[in-house]
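K.L.:
model the following, please.
(4 chains)
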There are 2 protein chains.
Amino acid sequence: MSESDLPGSQGGETLLFLTDDQLRQGIEAMFFAYRGFTADPDRILQNYSYGRAHHRALHFINANPGTTVNNLLAILGVTKQSLNRVLRTLIEDGLVQSNVGRSDKRERNLNLTEKGEALEQELSNAQRVRMRAAYRQAGPEAVQGFKRVLEAMMDPEMRRIYTKMRETR
Amino acid sequence: MSESDLPGSQGGETLLFLTDDQLRQGIEAMFFAYRGFTADPDRILQNYSYGRAHHRALHFINANPGTTVNNLLAILGVTKQSLNRVLRTLIEDGLVQSNVGRSDKRERNLNLTEKGEALEQELSNAQRVRMRAAYRQAGPEAVQGFKRVLEAMMDPEMRRIYTKMRETR
DNA sequence: ATTTTAAGTCAGCCTTGTTGACATTCCAAG
DNA sequence: CTTGGAATGTCAACAAGGCTGACTTAAAAT
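P.N.:
Here you go, the predicted structure:
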């Protein structure tokens, strides 16, 4: 309404889809989809009386074995007190192992134990099942686009971290 | 690793992109992108000492003028106690108006006041700026795919609500 | 007349985020 | 060798926003 009553397309750079309503739809799609995205792990976590924060820690320790606390803080974007609370219970419960760094003994290298890997697997399996179904339903080209838009939506620093992680895999 | 070493594409139904690593990348993309998605409104909300919950209420009242509390509960997927806490402050602060229903006097019809519309505009403007930039960067085909995957990721009931809202617009 | 529904409220609990203060350990620079 | 600063961890207190359970009021439906 407020812009772009322009009709037609000009191949790859249309403005047609940038009406406020189209953008609102995208916003709502993100909202509803994110709920689905977290629903399955959330259900599983209840059985262990853990929360989403525990899942995130498990996920990124698994993705970056031997990572330090500081690095994890940068990825998760929370305070160290917040992370520490979660990390402590995971260590106490024997899901995460924290080893003093070899070169710098102030640092802690974090790794999943077998038990930790098992839960991480259970959680990400559930999440992958939904992702796989969605990908299959939407088709390969859609998946390309999906990732392109999500990447463009990230804060630059997060995109940097995201890109680095996918490279070292 | 666990499936699909099949090479090549078969036009629209490949399995190539469904490796666990590809799926994990999608999961991480969702995580990092959602942070970007909420970052701008979150910053604004601090100035008013409101939270994300207030934003969601404002958004969906704006999108469904005259909606009832029950309807809003279904959309947001929270308990009425949770919603009521947020709604009460918005009504007290004069952002939302609650009117007894005409046909059914048990119901309350919720609408934004001018003040409420102003804040909703400020918030969704900030969010749209980022969406618009991301859309433009990714291109129109990508946006199509983005929405297709997100829709496929929703719980069926949420997809129903999402679809209905976009129709009545 | 009774039951059900919509809305609201009170109390209490949990998770997960925040600040601020402070201790410890240890690297590195002066 | 000492000292400054970085990395880690911990304590306390607090807030937002979820949750459950119990209960009231008003109005609609049966």
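K.L.:
next to DNA strand C in this structure, residues from chain A, please.
P.N.:
A:49-54, A:77-79, A:81-83, A:85-86, A:100, A:104-106 (Cβ under 7 Å from any atom of the strand). Placement of C-beta: from N, CA and C, glycine included.
K.L.:
can you flag the buried ones in those residues?
P.N.:
A:50, A:53, A:54, A:77, A:78, A:83, A:86 (16 or more other Cβ atoms under 10 Å in any protein chain shown).
K.L.:
hang on, the earlier thing: filter the residues of chain A next to DNA strand C down to the ones in strands?
P.N.:
residue A:100 (DSSP state E).
K.L.:
list the residues that contact the residue of chain A found nearest DNA strand D.
P.N.:
Nearest residue of chain A to DNA strand D (Cβ to the nearest atom of the strand) works out as residue A:70 at 2.7 Å. Counting by Cβ atoms under 8 Å, 6 or more residues apart in numbering or on different chains, residue A:70 touches residue A:107.
K.L.:
and it, how far from chain B?
P.N.:
Separation of residue A:70 from chain B (Cβ to the nearest Cβ, to the nearest Å) stands at 18 Å.
K.L.:
which SS state does that residue fall under?
P.N.:
helix (DSSP: H, G, I helix; E, B strand; the rest coil).
K.L.:
of the residues of chain A next to DNA strand C, which ones also sit close to chain B?
P.N.:
The subset of the residues of chain A next to DNA strand C within reach of chain B, by Cβ under 8 Å from any Cβ of the partner chain, is residue A:77.
K.L.:
just the ones of the residues of chain A next to DNA strand C in helices?
P.N.:
Judged by DSSP state H, helices contain the following of the residues of chain A next to DNA strand C: A:52, A:53, A:54, A:81, A:82, A:83, A:85, A:86.
K.L.:
from residue A:78, how far off is the residue of chain A closest to DNA strand D?
P.N.:
Using Cβ to Cβ, to the nearest Å, one gets 12 Å for the distance from residue A:70 to residue A:78.
K.L.:
list residues touching both of those two?
P.N.:
By Cβ under 8 Å, 6+ apart, no residue touches both residue A:70 and residue A:78.
K.L.:
now do the same end-to-end measure for stretch A:87-100.
P.N.:
Stretch A:87-100 has an end-to-end distance of 15 Å (Cα to Cα, to the nearest Å).
K.L.:
ok so, going back, what's the most distant pair in the buried ones among the residues of chain A next to DNA strand C?
P.N.:
Greatest spatial distance in those: A:50 and A:77, 19.4 Å, computed using Cβ to Cβ.
K.L.:
the strand or helix carrying residue A:89 - contacts with which helices or strands?
P.N.:
Assigned by DSSP states H and E, residue A:89 falls within helix A:80-92. With contacts taken as 3 or more Cβ pairs under 8 Å, 6 or more residues apart in numbering or on different chains; DSSP states H and E, helix A:80-92 sits against helix A:52-63, helix A:69-76, strand A:96-100.
K.L.:
closest one to residue B:42 among those?
P.N.:
So among the helices and strands packed on helix A:80-92, helix A:69-76 is nearest, using Cβ to Cβ, at 15.7 Å.
K.L.:
residues of that closest one that come out buried?
P.N.:
A:69, A:72, A:75, A:76.
K.L.:
where does chain A have low pLDDT?
P.N.:
By pLDDT under 70, the low-scoring segments of chain A are A:1-17, A:169.
K.L.:
any idea which helix is longest in it?
P.N.:
Longest helix of chain A, by residue count under DSSP H: helix A:20-47.
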